[in-house]
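Engineer: just need the structure, nothing else, for what follows:
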Amino acid sequence: MNKKKFGAFIITFERPAILQETIKKIFEQSLPPEKILIIDNSHSNETKEKILNCGLPVVYHKVGYNSGPAGAAKKGLQILAKEGFKWIAWCDDNDPPPLKDCFEKLVYLAETYKGKCGQVGAVGHRFNKVTGIFKRTSNKELLKTKYVEVDSIGGNVCKIINAQAILDGVLPEEKLFFGYEELDFDLATKKAGYQIIVHSNLFLECRKKFNRLNYKRIINLKKDESKIWREYYGIRNSLYILMKNKLYLAFLSTLVITLIKSALSYKYGWKYGTLITKNTFKALRDYSLKKYYKADL
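Structural biologist: Residues are numbered from 1 along each chain as shown. As a prediction, this is how the structure comes out:
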C-alpha cells in the first residue's frame, strides 16, 4: 500500500476508557489505519492525559469546545485530507469495527470500484426523497451482488471517505451539531458526482452479528426519557436537510409524521406525551428561527 493511503479519526467526548478500547480494536484490524487522529470534544483534560500516556500510537487534537459529531467530523476530515491520506475512516469512540477484516475489505472495494467512489461502508441504505424515510436494504439484494449503491452510510458502521471529495469542498455541516450530519454530508457527496457503496458480504455479516437479519421496524415505540433530547436534533436537522436539498414533498411528509407521532405519544401517558410534544415544538421553533449548533435542552 502506498504511503498515506489510509487514515482514520475518532470522535470522542468525555469517554477515555471506552476510547482506549476502541483504539485497540481498530489497531487489531487486518488492515489498521496508518494514522489514528483523536478529535476530542471534551471540556476536561482527562481524555488527553489518558490517551497521551496509554502507549498507543495516536495523534491527539483537542477542539476546545463541544463541537458535536458534525463539527468534529469536519475537523478530522479536513486535517487528514490536507495531510495527503487517500481514504479516511470516520469513527466514533464507542463503535469499533464489528468484524476484524472490515477495513481491509472496504478499502479493497473502494480501490477496485470502477465508478467514482466517494464513500464505502459496511452498512447503508437508500433515502426516499418523496417520503423522507430510509428504505431498508434487503437481504435478497445483498445476496445478489458484491456491493450495493446507497444514499447514506452511518458514521458508526465503518464509514470510509474518499479524501478527494473533501478537497473538492464536500464537508459536514458543523451547525447541525448532532443528528443526521452523516445524511447531510452523504447527500452533498452524491450531489458532487460521487457514488456511495456498501460491501454486501460485510453488510450481511453485521446483520448476523447483531441479530438484525429479520429486523422489523416498530413505529412510534416509547423512548427512554433520558434520550428524548436526541429526537430534538433529529427533527430540527432533518427539516433543515430536506429544505436545503429542495426535497419539498419529503419536508412536508416529515413535518406531518412528526406531528402525528407527537399526538400518538400520549398513549403512553399524559406526562410522556407532554414531554414529547414540548420537545417536538421546541425543535420546530428552533428550525423556523434558524437556531442551530448545540441547543440548551
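Engineer: residues making contact with stretch 206-225?
Structural biologist: By Cβ atoms under 8 Å, 6 or more residues apart in numbering, the residues outside stretch 206-225 that reach it are 98-99, 122-123, 136, 139, 157, 204, 231, 261, 264-265, 268, 272, 275. Yep, even glycine has a C-beta here, placed from its N, CA and C like the rest.
Engineer: ok, now stretch 135-155?
Structural biologist: Applying Cβ under 8 Å, 6+ apart, the contact partners of stretch 135-155 are 11, 69, 73, 90-92, 109, 113, 119-121, 123-128, 134, 159, 181-183, 186-187, 190, 195-201, 203-204, 207, 213, 215, 217.
Engineer: how about the strands of the stretch 51-200 of the chain, start to end?
Structural biologist: Assigned by DSSP state E, counting those that start in this stretch, the strands in the stretch 51-200 of the chain fall at 59-62, 87-92, 117-121, 124-127, 134-135, 147-150, 152-153, 159-162, 195-199.
Engineer: turn those into a markdown table, columns for mean neighbour count, mean pLDDT and distance to D168.
Structural biologist: Shown next, in a markdown table, are the strands of the stretch 51-200 of the chain (neighbours: other Cβ atoms under 10 Å; pLDDT from 0 to 100; distance: least, Cβ to Cβ, whole Å):
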| stretch | mean neighbour count | mean pLDDT | distance to D168 |
| --- | --- | --- | --- |
| strand 59-62 | 14 | 95 | 23 |
| strand 87-92 | 26 | 97 | 14 |
| strand 117-121 | 27 | 97 | 9 |
| strand 124-127 | 20 | 96 | 21 |
| strand 134-135 | 14 | 94 | 26 |
| strand 147-150 | 20 | 97 | 19 |
| strand 152-153 | 26 | 96 | 18 |
| strand 159-162 | 26 | 97 | 9 |
| strand 195-199 | 24 | 98 | 14 |
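Engineer: just so I know, which of the ones you listed lies nearest V170?
Structural biologist: strand 117-121 (7.6 Å; Cβ to Cβ).
Engineer: by contact count, what packs against that closest one?
Structural biologist: Helices and strands touching strand 117-121, as assessed by 3 or more Cβ pairs under 8 Å, 6 or more residues apart in numbering; DSSP states H and E, comprise helix 102-112, strand 152-153, strand 159-162, helix 181-191, strand 195-199.
Engineer: partner strands of that strand, parallel or antiparallel?
Structural biologist: Neighbouring strands of strand 117-121 in its sheet, by DSSP bridges, are strand 159-162 (antiparallel), strand 195-199 (parallel).
Engineer: OK, contacts around S30?
Structural biologist: K100, D101, F103, E104.
Engineer: of these, which is the nearest to E34?
Structural biologist: Checking the contacts of S30 against E34 with Cβ to Cβ, the nearest one is F103 at 11.1 Å.
Engineer: surely that closest one meets F27?
Structural biologist: No - counting by Cβ atoms under 8 Å, F27 is not a contact partner of F103; they are 10.7 Å apart.
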